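1. Just need the structure, nothing else, for what follows:
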Amino acid sequence: MNNIEHSLDMAANIRGAFAVALVDFDSGMTLGSRGGSPEFDLDVAAPGNSDVVRTKLEVMQKLGLRETIEDILITLDTQYHLIRIIHGTGEENLFFYLVLNRAQANLAMARRDLRVIEQQFTMGNGPSVPRPTAAQDQSYFPANQR
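-> Predicted coordinates for the structure are as follows:
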């Protein structure tokens, strides 16, 4: 199993996970994903959050902040959207995008789990193969379970 697939599988198993993607925020390209639904189009949401990351980085630069983004949290009525920047791969333009069901998720544990997944991803030398097929994307979130 390649590094992208393994990392996405691990993130998909975080309690309350509804959708997860690995995204290049420079291009907005999704390198792999799991989950989503007809009501939540991950192919729109994941690259759309590239704008969030780029904008935050621009503001930090304008403010002269010499820090790195650990994660960005967007809290909705029924969901948490967690953006975790991937550091240490030599390619500092990737992030994990994790969507959680608020009623099922433990935010602190999800943040911890995603940090561990990011660390394992970087130790595995980052992305290693092309995006999984659509059939693989849907297999981790059966409609009758979520």
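
2. Checking residue 100 next. Helix, strand or coil?
-> Three-state call for residue 100 (DSSP: H, G, I helix; E, B strand; the rest coil): strand.

3. ok so residue 95 is a strand residue?
-> Yes - the assignment for residue 95 is a strand, going by three-state DSSP.

4. does it really touch residue 84, like I thought?
-> Yes - counting by CB atoms under 8 Å, residue 84 is a contact partner of residue 95 at 6.0 Å. Placement of C-beta: from N, CA and C, glycine included.

5. Let's see the pLDDT reported for residue 123.
-> According to the prediction, residue 123 has pLDDT 86.

6. What are the buried residues along the helix or strand that residue 122 is a member of?
-> In the assignment (DSSP states H and E), residue 122 maps to helix 107-123. Of all the residues in helix 107-123, those buried under the rule 16 or more other CB atoms under 10 Å are 110-111, 113-114, 117-118, 121-122.

7. One more: stretch 24-41?
-> 24-25, 30-36.

8. Point out where this protein drops to low pLDDT.
-> For the chain, the stretches flagged by pLDDT under 70 are 1, 89-92, 125-146.

9. Output the buried residues of helix 107-123 in CSV; the columns should cover distance to residue 3.
-> Listed next are the buried residues of helix 107-123 as CSV, based on distance: CB to CB, whole Å:
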residue, distance to residue 3
110, 21
111, 21
113, 17
114, 15
117, 11
118, 12
121, 6
122, 9
